[in-house]
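Q: I'll drop the sequence and a predicted model, then ask my questions.
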Amino acid sequence: MAEAGIIAKRDVPRWIEAMQASAEVIGPVAQHGGDIAYVPLERPEEMAWTFWNSLSSPRDYLYPQTDTLLRFGRDGDGYRVEETLDTRKRVLFAVRNCDVSAIEFLDRIMAAFVPDTPYQARRENTALVALACHEPNQDYCMCVCAGTGPFLDERHDVQLTDLGEEVLAEITTEKGRELIQAGGDLFKAPTEEQIAQKARLAEEALDKFGPYPFTHYVQGATRRVSLDDRPPEFWAEMSDWCVECGGCTLVCPTCNCFNMIDNVVEGRGERVRCWDSCQYEGMTREASGHNPRAAHGDRVKRRFFHKLSYQYNQRDGSIGCVCCGRCIAVCCGDLGIAVGSRAIRRGERS
Amino acid sequence: MSNTYLPQIATIQDVRDETPDTKTFTCSLRDKAAQEALAFRPGQFAEVSVFGQGEAPFCICSSPTRKENFQFTVRAVGGLTQAMHALAPGDEIGVRAPLGNEFPAEAVADKKILFIGGGIGLPPLRSLIWYMLDKRNQFKEIRILYGARTPTDLVYKDELEVWTARDDVDFHVTVDRAEPGWTGNVGIVSTLFEKVTIEPEGTVAFLCGPPVMIRFVMQDLLAMGFAEDSVVTTLERHMKCGVGKCNHCAIGHKYVCLDGPVFTYAQIKNLMEQS
């Protein structure tokens, strides 16, 4: 589907309002202090157009940090269990292509073998409107390493390109076509010059990356983690660069480790899924006290093995890193994906 | 679309003490039709809900040849298992089952079968033991070696007597430390290897026990000449979801809950991390 429409940037809030008639529209808004967050667009004109990315990824709307999976309680003599599925219609609007790719990755993980219905119920009712990047962040962005941006021809339902006064909206799927149709007369046919302008921006964006994609090439570490040819002492040394906050895994848009706990209030209970992290010592600890992955170095190795190994690449259909750079931005130590993968590649800190 | 994480309700029919800290729970699904339709295989496990405490994985330790109910043998070690020990017949739990892969049964019918269990490692094997004994004429030689720390720690004491009495099972038991009245073997489970003649050629070994026991017994069996794919074990991890999503049980790129819990030594040795 190579169809596209043009909409004046000042008209985009009207388009968002039109979509809001049938869906919740989530988009990027600058919060107090300037950080971007994906929030319901209560005032569409507040939507941000120029930004790196949010620290919390928009996948939170498909796979929330805490999520009630079911409710239980006594009903007469026995227990009664009710499922809870979130089937609200949503549009994730102006999502960066690294995050679109992360959602595509999660789609595969959640569908594999035994489908994860809480995720799929949300996903089926969610449309993805990408906002292509033509000003990648010099400090964090590495999507060219993973083929997850800055512009993509697929994975989203619509891709927006900011042309200045106007916005080009390329339709990728049938779901996307319906979103453009909701905008009605706000959309015109693009001119050849506008199509060419988008192509130019996409090409020029490739020259605007900082040094990370070239000096810290993430997939270069794949061979080393796959062959397991770095000794335990190496991982132990790397663990010194990490303060075990788990931030890297909590902001990572592809991470999907979780725990499940029961909350009971006044006899009514709910089972809640909450994010977990392979970087936490408690994640693999068993009730007996036995912990197969207690050593910090083993946990650091775990993270990079899961993200980059050939074995997981084969199992999951791609590496588990979309190179969004969030783990670089939040790391309280010095073990973002870039520094970590470079060290693995070289066998030493550099 | 039915929620992947929705448990079925099961009623506890019987609770029996196995050891001072271990009980066996006999359960059946509250929905009779669902109980009749419940199709599991030896080696599979269940995510058991103790409502208010959460969920934990337990192997189904009964044989699918006995369709009227299913059993879990549970040692009280943490919050959930202690709460489970407080349950009585008539109480309800939640069950998501069956999960995971299975022991090869029919596939090893032409082999001699050697079971090696340590302590609370016997329950996963028990499902397959009774499966084979209930279909006794389909299988050849069956030998069971079982060890526990003390005679008190032996589970299924009445069944051990049955296996001892049956002449179509070669059963041997040992304890690490004797107690007054114990007249049997004393020593770790591998000391039983000296009491029997094991022919690695044509034998499949199924073992389960504490991690350290599994590791040493595997090495013993390989040293005897067992083929790497003739040594079968079942691994335990803190499996939260049971469906390959939560990553708690990942070893290398395998999920114990999905690719296992049953693995051969040939499979385990290729895992990237210690199993």
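A: That came through, no problem. Numbers count the residues shown, from 1 in each chain, chains lettered A, B, ... in the order given.
Q: would you mind listing what in the stretch 1-150 of chain B touches chain A?
A: Within reach of chain A by C-beta under 8 Å from any C-beta of the partner chain, the stretch 1-150 of chain B has these residues: B:1-7, B:9, B:30, B:49, B:51-56, B:77-81, B:92, B:94. Backbone N, C-alpha and C define where each C-beta goes, glycine included.
Q: mind redoing it with 7 Å?
A: B:1-7, B:9, B:30, B:51-55, B:77-78, B:81, B:92, B:94 (C-beta under 7 Å from any C-beta of the partner chain).
Q: so what pLDDT did residue 128 get?
A: I'll assume chain A. At residue A:128, the model reports a pLDDT of 98.
Q: that was the other one, I meant chain B.
A: 98.
Q: contacts only, for the closest residue to residue B:147 other than its chain neighbours.
A: In this structure, residue B:147 finds its nearest non-sequential neighbour in residue B:189, 3.2 Å apart by C-beta to C-beta, 6 or more residues apart in numbering or on different chains. Contact analysis of residue B:189 by C-beta atoms under 7 Å, 6 or more residues apart in numbering or on different chains lists B:116, B:118, B:145, B:147, B:174, B:213, B:217.
Q: measure the fifth one to chain A for me?
A: With distances defined as C-beta to the nearest C-beta, to the nearest Å, the gap from residue B:174 to chain A amounts to 22 Å.
Q: what does the first one give?
A: Residue B:116 sits 20 Å away from chain A when distances are taken as C-beta to the nearest C-beta.
Q: ok, the spatially closest residue to that residue that is not a sequence neighbour - contacts?
A: Excluding the flanking residues, the one nearest residue B:116 by C-beta to C-beta, 6+ apart is residue B:207, at 4.1 Å. Residue B:207 sits next to B:116, B:214, B:217, B:233 when contact means C-beta under 7 Å, 6+ apart.
Q: closest one of those to chain A?
A: Using C-beta to the nearest C-beta, residue B:214 comes nearest to chain A of the contacts of residue B:207, at 12.2 Å.
Q: in the strand or helix carrying that closest one, what's buried?
A: Using DSSP states H and E, residue B:214 sits within helix B:211-224. By neighbour count with 16 or more other C-beta atoms under 10 Å in any protein chain shown, helix B:211-224 contains the buried residues B:213, B:214, B:217, B:218, B:220, B:221, B:222.
Q: go back to these and keep what's next to chain A.
A: Okay, of the buried residues of helix B:211-224, nothing touches chain A (C-beta under 7 Å from any C-beta).
Q: reformat those residues as CSV; add distance to residue A:17.
A: Shown next, in CSV, are the buried residues of helix B:211-224 (distance: C-beta to C-beta, whole Å):
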residue, distance to residue A:17
B:213, 66
B:214, 62
B:217, 68
B:218, 65
B:220, 73
B:221, 70
B:222, 69
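Q: wait, residue A:40 sits on residue A:24?
A: Yes: under the criterion of C-beta atoms under 7 Å, residue A:40 makes contact with residue A:24 at 5.6 Å.
Q: what about those two, which has more around it?
A: Using other C-beta atoms under 10 Å in any protein chain shown as the criterion, residue A:40 and residue A:24 rank with residue A:24 on top: 16 against 12.
Q: so what's that one up against?
A: Residue A:24 is in contact with A:40, A:88, A:89, A:90, counting by C-beta under 7 Å, 6+ apart.
Q: tell me how far the last one lies from residue A:110.
A: Computed with C-beta to C-beta, to the nearest Å, the distance linking residue A:90 and residue A:110 is 16 Å.
Q: list the contacts of residue B:119.
A: Contacts of residue B:119 (C-beta under 7 Å, 6+ apart): B:148, B:149, B:153, B:209, B:210.
Q: and it, how far from chain A?
A: Distance from residue B:119 to chain A, by C-beta to the nearest C-beta: 11 Å.
Q: ok, back up a step: buried among the residues of the stretch 1-150 of chain B next to chain A? Make that a PyMOL selection.
A: Of the residues of the stretch 1-150 of chain B next to chain A, the buried ones go into a single PyMOL selection, burial set by 16+ other C-beta under 10 Å:
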select buried, chain B and resi 3+4+5+6+7+9+51+53+54+55+77+81+92+94
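Q: buried residues in the lowest-mean-pLDDT helix or strand in chain A?
A: Ranking every helix and strand in chain A by mean pLDDT, DSSP states H and E puts helix A:212-215 at the bottom, with a mean of 80. Using 16+ other C-beta under 10 Å as the test for burial, helix A:212-215 gives A:212, A:213.
Q: which strands or helices does that helix pack on?
A: Helices and strands in packing contact with helix A:212-215 are not found; criterion 3 or more C-beta pairs under 7 Å, 6 or more residues apart in numbering or on different chains; DSSP states H and E.
Q: name the next helix or strand downstream of it, please.
A: Defined by DSSP H and E, the subsequent element after helix A:212-215 is helix A:222-227.
Q: what's downstream of that following helix, the next helix or strand?
A: helix A:232-239.
Q: and the contacts of that following helix?
A: Under C-beta under 7 Å, 6+ apart, the answer for helix A:232-239 is A:296, A:297, A:298, A:300, A:301, A:335, A:340, A:343, A:347.
Q: can you read off the pLDDT for the residue in the stretch 151-300 of chain A that chain B sits nearest to?
A: For the stretch 151-300 of chain A and chain B, the shortest gap (C-beta to the nearest C-beta) falls at residue A:287, measuring 3.0 Å. Listed pLDDT for residue A:287 reads 89.
Q: in terms of pLDDT, where does the closest residue to it other than its chain neighbours sit?
A: Distances taken as C-beta to C-beta, 6+ apart place residue B:78 nearest to residue A:287, at 3.0 Å, with adjacent residues excluded. At residue B:78, the model reports a pLDDT of 93.
Q: can you give me the strands in the stretch 151-300 of chain A?
A: Per DSSP state E, counting those that start in this stretch, the stretch 151-300 of chain A carries strands over the ranges A:158-162, A:166-171, A:187-188, A:258-265, A:268-275.
Q: hang on, the earlier thing: phi first, then psi, for the residue nearest to residue A:287.
A: phi -130, psi -170 (degrees, to the nearest 10).
Q: so it makes contact with residue A:289?
A: No: the pair residue B:78 / residue A:289 is not scored as a contact, 9.4 Å apart, by C-beta under 7 Å.
Q: residue A:91 belongs to a helix?
A: No: using DSSP: H, G, I helix; E, B strand; the rest coil, the assignment for residue A:91 is strand, not a helix.
Q: list the buried residues in stretch B:199-210.
A: B:200, B:203, B:204, B:205, B:206, B:207, B:208, B:209.
Q: out of the residues you listed, list just those in strands.
A: B:203, B:204, B:205, B:206, B:207, B:208 (DSSP state E).
Q: possible to save the residues you listed as a markdown table with distance to residue A:61 and pLDDT?
A: Shown next, in a markdown table, are those (distance: C-beta to C-beta, whole Å; pLDDT from 0 to 100):
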| residue | distance to residue A:61 | pLDDT |
| --- | --- | --- |
| B:203 | 55 | 97 |
| B:204 | 50 | 98 |
| B:205 | 50 | 98 |
| B:206 | 46 | 98 |
| B:207 | 46 | 97 |
| B:208 | 43 | 96 |
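Q: quick one: list the elements packing against the helix holding residue B:214.
A: strand B:203-208, strand B:231-234.
Q: mind doing that once more with 6 Å?
A: Where contact means 3 or more C-beta pairs under 6 Å, 6 or more residues apart in numbering or on different chains; DSSP states H and E, helix B:211-224 is packed against strand B:231-234.
Q: look up the closest residue to residue 84, ignoring the ones flanking it.
A: All of this is about chain A. Closest to residue A:84 by C-beta to C-beta, 6+ apart is residue A:68, at 5.3 Å.
Q: sorry, should have said chain B
A: That would be residue B:50: by C-beta to C-beta, 6+ apart, it lies 5.0 Å from residue B:84.
Q: wait, isn't that neighbour in contact with residue B:83?
A: Yes: between residue B:50 and residue B:83 there is a contact under C-beta atoms under 6 Å: 4.9 Å.
Q: between these two, which has more neighbouring residues?
A: Using other C-beta under 10 Å, the more surrounded residue of residue B:50 and residue B:83 is residue B:50, with 23 against 15.
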